[in-house]
Each structure stands twice: as C-alpha cells, then as structure tokens.
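Enquirer: can you look at this prediction? I've put the sequence above it.
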Amino acid sequence: MERLKLSPEQYRKLAYRAADLTSDFLKQLPTLPAFPETTGSESDDFFNRELPEAPLGEAAFDDLAKVLELSRPPSPRFFGYVLGSGEPVAAIGDLVASVLNQNATSWRSGPACATIERTVIRWLGEFIGCTGFSGSLTGGGSSANLMGLAIAREAKAPANDHGAQPGVIYASSEVHMSIPKAAALLGLGYHSIRTIGVDEKFQIRVDELEKAVAEDRAAGKRGIAIVGNAGTTNTGSIDPLEGMASIARLNDMWFHVDGAYGALAASVVPDKFRGLALADSLSLDTHKWLYQPVDCGCLLYREPADAQRAFSHSGEYTKVLSTDPIEGFAFFEESVELSRRFRALKVWLSLRYHGAQAFREAIAEDLRLALHLASRIDERDELELLAPVNLSAVCFRYVRDGKSEEELNALNAEIVKRSQREGRVFFSNANINGKFALRACITNHRSSEKDVEAVIAETIRIAREL
C-alpha cells in the first residue's frame, strides 16, 4: 500500500521548496506591509474550497505562496497586541519537532523531549530569577493561568473529590480576561473575582487589597488566591508583588503571578519585578518576549507536589511503572494535558544558537524603543500619552482643540481602523480611564527607531486626512 507514503527523497524536495519559499519571505519582510492587502471575502474565496478526493501531489504546495501573501507577516512595524516576532531558528526547531512527532507527556513517551522540556523549564526559571521552580510548557498564558488557579484551588479549597467550594480570588481591575474565565471554568464563577482599584501607575492598591481581604474574612468568606500582574495587557504595569505576596502569606492564600507579557523582562530590569520569586505559581509566554513562534506558554510553580495534587488523576493505561526519578517522570501528573506537543525543542534550539545574553539585549532594546516612542510623542502638541510606559506598551491618542471626549474617542478609533486596513504600520487600542487609546506594544526583535517613529507619522497623517 503506497497511500500516504513519502520517500526521503520526496520529503527532501518538498522541504527544500518550503525552505526556499520561507527564506524569500524573510528576505522581503522589511518591505512587506504590516497587514496584508486583503479582505475577508478574498481570503474566503481563495481558501474555502471543496475537500480534494484525488491527490494534488506537489501542486498542493503551489498555494503556500498565497498563504504567505494573505497572512499578517511578522513585520518590524507590527506593534499590535502582545505577540513575539517568530525567531527563525526556533521555527526550524518546530519543523524538527513535527517530524519527530513525540508526545511530550513523559520520559517513556519521549526521552529526549521530556528531558529537554525539563531543562528549558529550569532555564526559564533561572532567566527570570526564579531558580528552583518546576513547571511545564503550555499553549499560552491563558492555559497557564487556568492551571495555576486550578493548583491554587486544590491547595486552598480542595474540589477534586467533592466539587467546588465557594471562595474569593483577588486581582486588580487591570487583570487579564483569562483570570475570570479560569475562575468560571473551575466552578468558582465570575463572581468569585474581587477586583481591587489601581493607582495612577495602574498598579493594584495594596491598602485596598488588604482592606478587602480583611472584610471578606470577617464576613466568613474563604480567600483562595491573590493574582499579581507582571505586565498588564493595556499598559504593561507591574503590581507591587512583594506586598501582595506578604498579604497572601499572612492570610494563607495562594499567590499567582500573571507574567505572560512581562515576566521575561525580569531578566533585564529585575528591580521592576521585586517579589516575583515569592510567587507560588506564575505564567509567562515565550511566544511573546522570547520571540518564539506560537504557541509556547509556560507555567512555573514552586512545589511539584501542589501540581500533582491538582492533576494526578490517571488511568491504568497511563500508569508509569519505573521508580527512577528521570525515567519515571510524567508531565501528565502535573498538567491538565495528556497529549502534548514537543514545544521545548524550538526554545532549546533558539537559546543554544543565540545564547541567553542575545535575548536580554533584544528585550532591552524593545524597552528602549518604547521610551524613545514615548519621548517623541511628548514632543508633539497633537499627541498625548495616556499612561506611564512601564515596559514596552505605549498608550497615547491624537488630540485636537475644540473636540469633546466623545469626538476624540471616535476620531482615534477611526485612526486605528484606517492604520490597520492600510497596513503601513499596525497598532491596536486600549481603554485608558474612559479614553480611547492608540496602543503600540514593542515585542519584536526586528524593530528599529525608524519603525517605531512610523507609528507617529502614520497617526498624524491619518488624523489630518480625517
């Protein structure tokens, strides 16, 4: 039977074709638009076809060029959301991982992949000042936050045997949407999240947190966890983690840090992240500020026994017979996942190829570019910064005399839509104290001063045309 068979020679030919195509794409990248010139109907008309019954053979690869053409490229002028830039050595690691097709769920399922992932976890902990933490790689920050809060719930309000008990999770009003979503999925409900106000730097008010915890304790409510932000999505603000950790300890609560965006910057500016190593668990995304291809999040935790308490419910078919600490290790005993992609290979290969210092320097440059952009905004009378630049997110708006707040919000919303549609530069938006903000987030190892200054030029050009 020859169905689905591919000779090594055929594979080599196709792989070279893909390599040539993507190499040309990377060469053209600096000149490509930040968003493709396409519409929903165009992409749907081209790709939404009938399933082929007969083989297309090599012709199946002909449309890869169109995939690249109609995709949003990892442009040096893409500053939307919080997304890394897809480091190419790591992409090669992804290819090798796919060919190997390991289930990175235990040592016996893939000796190399399990050992490499545990090594990468150790490296990441050391990189951000959390030496000794254990953990696993995840699909992203949302799944890492879900797992972190699942561990917290089982540690402080056990539910696995008898169902969820009422409890409270404390977080700032700037908390990421994945935290209330996790609470709902864990059976605690959205109402279990008690949001605490922030100060002018968009950091949680520790005094208000302390007061809220005391009020709830007096009312007989169980506090499960406190969630600290190590880089909020809107402004990149970092909560006072030391103070939050102290309140968690005094009140027998779990301390989880959402560092999906910012935690990796602790390798460059550790003073901004004092208290990070006091977390019981924390999330980070290597596909953000370690520039890895999507997907590759991470959950770190202090004690493996806490993760095992939450997740070690396995059937006989997965029982590990070895008692050796290496050969008997299983990620599925500390994770919600059973089948797991070999995500660690790209991180391992990329860090070995470039060295950790190269990544620190790239993160430091992104931080510098954000401050440079903010200083250039301050120089323009028609532009206004709306939040402090804590990391690499810059929130600002276009202002015009005589316009009401409602009119300014509408004008800036149109600027975002126009800029994204035209694709010369791509930035997103945020709501800052009721003001519609233009938001440029720099997590791109390809970006330069010229690229970030294009944000200003395009904003002013579009606003004047409007």
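Expert: Yep, that arrived.
Enquirer: pull the contacting residues for the most centrally placed residue in the chain.
Expert: Centroid-nearest residue in the chain: residue 285, 4.1 Å away (criterion: CA atoms, centre = their mean). The neighbours of residue 285, taking CB atoms under 8 Å, 6 or more residues apart in numbering as the test, are 82, 84, 140, 141, 144, 260, 261, 296, 297, 298. C-betas here are computed from N, CA, C, even on glycine.
Enquirer: next one: residue 133
Expert: Neighbouring residues of residue 133 by CB under 8 Å, 6+ apart: 121, 125, 282, 300, 301, 302.
Enquirer: next one, pLDDT for it please.
Expert: With respect to pLDDT, residue 133 scores 98.
Enquirer: same thing with residue 316?
Expert: With respect to pLDDT, residue 316 scores 64.
Enquirer: coming back round to it: pull out the buried residues from the contacts of residue 285.
Expert: Neighbour counting with 16 or more other CB atoms under 10 Å marks 82, 84, 140, 141, 144, 260, 261, 296, 297, 298 as buried within the contacts of residue 285.
Enquirer: now, those that are in strands?
Expert: When DSSP state E is applied, those are split such that 297, 298 fall in strands.
Enquirer: which helix or which strand is home to residue 406?
Expert: helix 405-422 (DSSP states H and E).
Enquirer: got any ranges where this structure has weak pLDDT?
Expert: Low-confidence segments of the chain (pLDDT under 70): 1, 314-319, 321.
Enquirer: for it, what's the longest helix?
Expert: Counting by DSSP state H, the longest helix found in the chain is helix 356-378.
Enquirer: mind giving me the packing neighbours of that helix?
Expert: Helices and strands touching helix 356-378, by 3 or more CB pairs under 8 Å, 6 or more residues apart in numbering; DSSP states H and E, are strand 383-385, strand 393-398, helix 449-465.
Enquirer: show me what the shortest one is packed against.
Expert: Using 3+ CB pairs under 8 Å, 6+ apart as the contact criterion, the neighbours of strand 383-385 among helices and strands are helix 356-378, strand 393-398, helix 449-465.
Enquirer: do you know which of these lies nearest residue 56?
Expert: helix 449-465 (38.8 Å; CB to CB).
Enquirer: list the buried residues in that closest one.
Expert: Neighbour-count burial for helix 449-465 [16+ other CB under 10 Å]: 451, 452, 454, 455, 456, 458, 459, 461, 462, 463.
Enquirer: what does stretch 300-308 give?
Expert: 300, 301, 302, 306, 307, 308.
Enquirer: for the second one, what are phi and psi?
Expert: Looking back up the chat, that one is residue 301. The phi/psi pair for residue 301 (degrees, to the nearest 10) reads phi -150, psi 160.
Enquirer: same question for the first one.
Expert: The main-chain torsion angles of residue 300 are listed as degrees, to the nearest 10 and equal phi -110, psi 150.
Enquirer: if I pick it, what's in contact with it?
Expert: Residue 300 touches 121, 124, 125, 130, 133, 134, 135, 279, 281, 282, 283, 284, counting by CB under 8 Å, 6+ apart.
Enquirer: was I right to think the first one contacts residue 132?
Expert: Pointing back at residue 121 there. No: if you go by CB atoms under 8 Å, residue 121 and residue 132 don't touch, sitting 10.9 Å apart.
Enquirer: tell me which of the two has more neighbours.
Expert: Neighbours of residue 121 and residue 132, each counted by other CB atoms under 10 Å, are more numerous for residue 121; the result is 21 against 10.
Enquirer: give me the contacts around the helix or strand hosting residue 430.
Expert: Assigned by DSSP H and E, residue 430 belongs to strand 426-432. Contact with strand 426-432 is made by 34-35, 72, 75, 77-81, 233-235, 386-387, 395, 412-413, 416, 419-420, 436-441, 455, as judged by CB under 8 Å, 6+ apart.
Enquirer: can you give me how far the next helix or strand after it is from the chain middle?
Expert: Downstream of strand 426-432, the next assigned helix or strand under DSSP H and E is strand 435-441. In terms of CA atoms, centre = their mean, to the nearest Å, the centre of strand 435-441 is set 19 Å apart from its chain centre.
Enquirer: can you list the strands that strand 435-441 pairs with?
Expert: strand 393-398 (antiparallel), strand 426-432 (antiparallel) (DSSP bridges).
Enquirer: kindly format the C-alpha coordinates of it as CSV.
Expert: Extracted in CSV, the C-alpha atoms of strand 435-441 (Å, rounded to 0.1, in the frame of the first residue of the first chain):
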residue,chain,number,x,y,z
LYS,A,435,-10.3,57.5,26.8
PHE,A,436,-9.8,55.6,23.5
ALA,A,437,-6.1,55.0,23.3
LEU,A,438,-3.8,54.0,20.4
ARG,A,439,-1.5,51.3,21.7
ALA,A,440,1.8,50.3,20.3
CYS,A,441,3.4,47.3,22.1
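Enquirer: how about the strands in the protein?
Expert: Under DSSP E, the chain gives strands at 78-79, 134-138, 168-172, 193-196, 223-229, 254-258, 281-285, 297-301, 383-385, 393-398, 426-432, 435-441.
Enquirer: so what's the gap between the fourth one and the chain middle?
Expert: This means strand 193-196. With CA atoms, centre = their mean, you get 22 Å for strand 193-196.
Enquirer: and if you look at the shortest one?
Expert: Relative to its parent chain, strand 78-79 has a centroid offset of 15 Å by CA atoms, centre = their mean.
Enquirer: now tell me what touches that strand from outside.
Expert: With contact meaning CB under 8 Å, 6+ apart, strand 78-79 is reached by 34-35, 72, 85, 425-428, 440-442, 444, 447, 452, 455.
Enquirer: go again with 7 Å.
Expert: Residues from elsewhere that reach strand 78-79, judged by CB atoms under 7 Å, 6 or more residues apart in numbering: 34, 426, 427, 440, 441, 442, 444, 455.
Enquirer: and which of the residues you listed is nearest to residue 347?
Expert: Here the nearest of the contacts of strand 78-79 to residue 347, counting by CB to CB, is residue 444; it sits at 17.9 Å.
Enquirer: go ahead and confirm that closest one touches residue 76.
Expert: Yes: assessed by CB atoms under 7 Å, residue 444 is found in contact with residue 76 at 6.0 Å.
Enquirer: okay, the two: which has more neighbours?
Expert: Neighbour count, other CB under 10 Å: between residue 444 and residue 76, residue 444 has more, with 26 against 22.
Enquirer: name the residues of stretch 152-171 that are buried.
Expert: Neighbour-count burial for stretch 152-171 flags 152-157, 159, 164, 167-171 (criterion: 16+ other CB under 10 Å).
Enquirer: now stretch 209-223
Expert: Within stretch 209-223, the residues scored as buried using 16+ other CB under 10 Å are 209, 210, 212, 213, 216, 223.
Enquirer: the helices and strands packed on helix 356-378: which one's closest to residue 269?
Expert: Taking the helices and strands packed on helix 356-378 one by one with CB to CB, strand 393-398 is closest: 14.4 Å.
Enquirer: only C-alpha atoms, please: export that closest one in CSV.
Expert: Provided in CSV are the C-alpha atoms of strand 393-398 (Å, rounded to 0.1, in the frame of the first residue of the first chain):
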residue,chain,number,x,y,z
ALA,A,393,3.4,49.2,25.8
VAL,A,394,2.9,52.8,24.8
CYS,A,395,-0.7,54.2,25.1
PHE,A,396,-1.4,57.6,23.5
ARG,A,397,-4.0,59.4,21.4
TYR,A,398,-4.4,62.2,18.9
